[in-house]
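Novice: Using only what follows, build the 3D model:
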Amino acid sequence: MGGGAGVLMGPAIAQAYYAGWPTLVTLWSILLSTRVSVTVDVLSGLYPARRASELDPAVALGYE
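Specialist: Okay, the predicted model is just below:
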């Protein structure tokens, strides 16, 4: 949802703050930034999830 809001609000914010400069937002830039964002999100969530899946639940709960 955050990515969708960024895609919708990004060009408007760019026009508001850089009113004297021409701004160009292409479909390619939107797709590239979305892909990079999704890749970073998946990789940053995958490492802790994998480590957690390797723990024995009884041992993990015993440390609390």
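Novice: In the chain, where's the longest helix?
Specialist: For the chain, the longest helix by residue count, based on DSSP state H, is helix 27-53.
Novice: Just after that one, pick out the following helix or strand.
Specialist: helix 57-62 (DSSP states H and E).
Novice: okay, and for the protein, where does confidence drop off?
Specialist: For the chain, applying pLDDT under 70 flags the ranges 19, 63-64.
Novice: Find the residue closest to the most centrally placed residue in it in space, skipping its chain neighbours.
Specialist: In the chain, the residue lying closest to the centroid (C-alpha atoms, centre = their mean) is S37, at 3.7 Å. With sequence-adjacent residues excluded and distances taken as C-beta to C-beta, 6 or more residues apart in numbering, S37 is closest to G3, at 5.9 Å. Bear in mind the C-beta positions are built from the backbone N, C-alpha and C, glycine included.
Novice: Work out for me the element that neighbour sits within.
Specialist: G3 belongs to helix 2-17, assigned by DSSP H and E.
Novice: now that helix and helix 27-53, what's the angle there?
Specialist: 140 degrees (axes from the mean of the first three to the mean of the last three C-alpha atoms, to 10 degrees).
Novice: Need the residues that contact helix 2-17.
Specialist: Helix 2-17 is contacted from outside by T23, V25, I30, T34, S37, V38, using C-beta atoms under 8 Å, 6 or more residues apart in numbering.
Novice: tell me the contacts of the last one?
Specialist: Under the criterion of C-beta under 8 Å, 6+ apart, the neighbours of V38 are G3.
Novice: circling back to that earlier point, Throw the contacts of helix 2-17 into JSON lines and include distance to S44, thanks.
Specialist: Shown next, in JSON lines, are these (distance: C-beta to C-beta, whole Å):
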{"residue": "T23", "distance to S44": "30"}
{"residue": "V25", "distance to S44": "26"}
{"residue": "I30", "distance to S44": "21"}
{"residue": "T34", "distance to S44": "16"}
{"residue": "S37", "distance to S44": "11"}
{"residue": "V38", "distance to S44": "11"}
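Novice: Quick check: the two most widely separated of those residues?
Specialist: T23 and V38 (23.9 Å; C-beta to C-beta).
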